[in-house]
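K.L.:
from the sequence below, what's the structure:
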Amino acid sequence: MAYNSNTSADNSMDKKAERMLNKAQESSKLDCDQYDDQSVGEALTPKDVNRMAWRSLALQASFNYERMQAAGWLFGLNPALRKIHKNDTDMSRAMQLHMEFFNTHPFLVSFVMGVVLAMERAKERLSVIRAIKVAMMGPLGGIGDALFWLTLLPICSALGVSLAIKGSIMGPILFLLMFNTINFGLRFSLAHYGYNAGSKAVGALKEHTQKFSHAATIVGLTVVGGLIASFVQLHLTAIVEVGKASINLQKELFDPIMPKLLPLIFTMVIFSFIRKGTSPLKIIGGIVVMAVIGSYCGIM
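P.N.:
Numbers count the residues shown, from 1 in each chain. Have a look, this model is predicted:
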C-alpha cells in the first residue's frame, strides 16, 4: 500500500511539473538553446551568493498572474548573471529565460537560485536549466508549506501569544525573532548549498521530498492540536435538572468524556466551513452571533 501511495504521489508531482514546464515554454521568447560563449563563467564569491539571497526577499514584489514570480526571480539573479555572462547576447538570453513562468515557495527560493546559478556558470543548455528549475518548483512548494505554514508558524505563534495574552511586550518580539531567525538562516544556508551542489542537489531533493513533507505535516498538525486545547475557549454554563439532581453539562458530561472536547468540535465545524469555501467574514459573524445568543440565553 505504501508503494502505491508513493507512486501515486510521484505521478501527481510529475504531472504538475509537466504543466509548469508547458507554462514556462509558452511564455518563452527564446529561439536558441545554448549560449554563444561556452567557456565556464567567473566563479561567484560567498558575497555574491549572499547578495542573491538578500535580493530573493523581493521575489513576489512584481507578482502577476501571467508569469507569477518571474520578475522577482530575475531581480534576485541579475547581479550574478552579469558576472557570469560577459557576452551581451548571452546575457539577453539568460534574462529572457528567467522571465519565463516561475512559482515556488518564497522562503526556499534561494536554494533554486543557487542551483540555477551553478548551471549558468557551467553554461548548460537553456532547456536543461529550464527543466531543472521547473522540476524544483513543486517539491519546494510542498516542503515550504509543511515546514513554515503548518509547523514553524504555529509553534512561534503559540509561544508569542502565550506571552502576549499576559500583557508582555516580549510576545511579538519573541515571535518575530524565532520565525525570522529560522527563515533567514535557511534562506542563506540553502543559497550556498544550492550553488555548491549544483544540479546534484535535485536528485536528493526529489528523493526526500515526500518523507520530509509528511514528517513536517505530522509535527504541524500535532502543534495545531495543542493550540486548540490551549487557546480555543468554549464553556457551557447550562445546568440541566433531572429529577432532583442538577447536572452541569460542561463539568459533569463533556469534560469526563474528554477534556477540551467542545473546543475540538467547534474547531472542526469551523474547519468544515472553510473547506466548503465559506467567507471568513461570514464565519466570524456567525461566531459573534452564536456567542451573543448563547450568553443571552445563559447557555454559554
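
K.L.:
so where do the strands sit in the stretch 151-300 of the chain?
P.N.:
Ranges of strands in the stretch 151-300 of the chain, per DSSP state E, counting those that start in this stretch, are 239-242, 245-248.

K.L.:
mind listing what's buried in the first one?
P.N.:
The one in question is strand 239-242. For strand 239-242, a neighbour-count test (16 or more other Cβ atoms under 10 Å) marks nothing as buried. Where you see a C-beta, it was placed from the backbone N, CA and C, and this is true even at glycine.

K.L.:
so what does that strand touch, helix or strand wise?
P.N.:
Under the contact criterion of 3 or more Cβ pairs under 8 Å, 6 or more residues apart in numbering; DSSP states H and E, strand 239-242 touches strand 245-248.

K.L.:
could you say what helices and strands the strand it packs on packs with?
P.N.:
Counting contacts by 3+ Cβ pairs under 8 Å, 6+ apart, strand 245-248 is packed against strand 239-242.

K.L.:
so in that sheet, which strands flank the strand it packs on, and in what orientation?
P.N.:
Sheet partners assigned to strand 239-242 using DSSP bridges are listed as strand 245-248 (antiparallel).

K.L.:
ok, and what's touching the strand it pairs with?
P.N.:
For strand 245-248, the surrounding residues in contact (Cβ atoms under 8 Å, 6 or more residues apart in numbering) are A238, I239, V240, E241, L253.

K.L.:
what's the most distant pair in the residues you listed?
P.N.:
Using Cβ to Cβ, those span at most 13.7 Å, a distance reached by E241 and L253.

K.L.:
how about the helices of the stretch 1-150 of the chain, start to end?
P.N.:
2-26, 46-55, 70-84, 88-97, 109-121, 126-144 (DSSP state H, counting those that start in this stretch).

K.L.:
low-confidence ranges in the stretch 151-300 of the chain?
P.N.:
199-221, 223-224, 226-227, 229, 242-244 (pLDDT under 70).

K.L.:
that older thread, got CSV for the helices of the stretch 1-150 of the chain, with mean pLDDT and distance to I284 too?
P.N.:
As requested, those are exported to CSV (pLDDT from 0 to 100; distance: least, Cβ to Cβ, whole Å):
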stretch, mean pLDDT, distance to I284
helix 2-26, 55, 33
helix 46-55, 95, 38
helix 70-84, 94, 33
helix 88-97, 92, 45
helix 109-121, 92, 33
helix 126-144, 83, 28
